[in-house]
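Trainee: Here you go, sequence then predicted model.
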Amino acid sequence: MMKKYQKKPLIIEAVQWFKNGDYPDDNCRWIEPNPITDRHGEPFLSEGKVVRYYRHPDDSGERQCEHCANIMHEHGWIETLEGGHIVCPSDWIIKGIAGELYPCKDGIFKASYDLVEEDEQG
């Protein structure tokens, strides 16, 4: 007979991600295009340090994601303890109890977590 277990209640930190630069520790900055090589370029936001741009050598980024239907160019990529994971717009980036980071789909996040008010955090 298999025993049943209940997950211990714990408080985690999380940020919902929609686009490059949304994760606070990404430290993105605005880059000005090179006026000599890119005369018509627009300033752009540098890649995040935690949630990076999604890229794959066999994927132009124009295909639709099978999870969220957004094009892959709008996705991020995060390294986790289990390896790299795609981050869909609206996924949550969760910081685990050991400081590890991982993405979580919005529906699963909302079913699993409640917002803790500041006075409850101690």
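Mentor: Yes, it's here. Just so we're clear, the structure is a prediction, and the values are computed from it rather than from any experiment.
Trainee: Provide a list of residues in contact with Asn34.
Mentor: For Asn34, the residues meeting the contact criterion (CB atoms under 8 Å, 6 or more residues apart in numbering) are Gly41. C-betas here are computed from N, CA, C, even on glycine.
Trainee: same check, this time on Gly76
Mentor: So Gly76 contacts Trp17, Asn20, Gly48, Val51, Arg52, Tyr53, Tyr54, Ile86, Val87 (CB under 8 Å, 6+ apart).
Trainee: wait, the second one sits on Asp26?
Mentor: Yes: using CB atoms under 8 Å, Asn20 and Asp26 qualify as a contacting pair, with a distance of 7.5 Å.
Trainee: anything in contact with each of these two?
Mentor: Gly48, Val51.
Trainee: returning to what we had before: just the buried subset of the contacts of Gly76, please.
Mentor: When the contacts of Gly76 are checked for burial by 16 or more other CB atoms under 10 Å, the buried set is Trp17, Asn20, Gly48, Val51, Arg52, Tyr54, Ile86, Val87.
Trainee: Including distance to Lys95, secondary structure and pLDDT, could those go into CSV?
Mentor: Listed next are the buried ones among the contacts of Gly76 as CSV, based on distance: CB to CB, whole Å; DSSP: H, G, I helix; E, B strand; the rest coil; pLDDT from 0 to 100:
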residue, distance to Lys95, secondary structure, pLDDT
Trp17, 13, coil, 97
Asn20, 19, coil, 95
Gly48, 15, coil, 95
Val51, 12, coil, 97
Arg52, 17, strand, 96
Tyr54, 21, coil, 95
Ile86, 18, strand, 96
Val87, 14, strand, 98
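Trainee: Just give me the neighbour total for Trp92.
Mentor: Burial of Trp92 is recorded as 20 neighbouring residues (other CB atoms under 10 Å).
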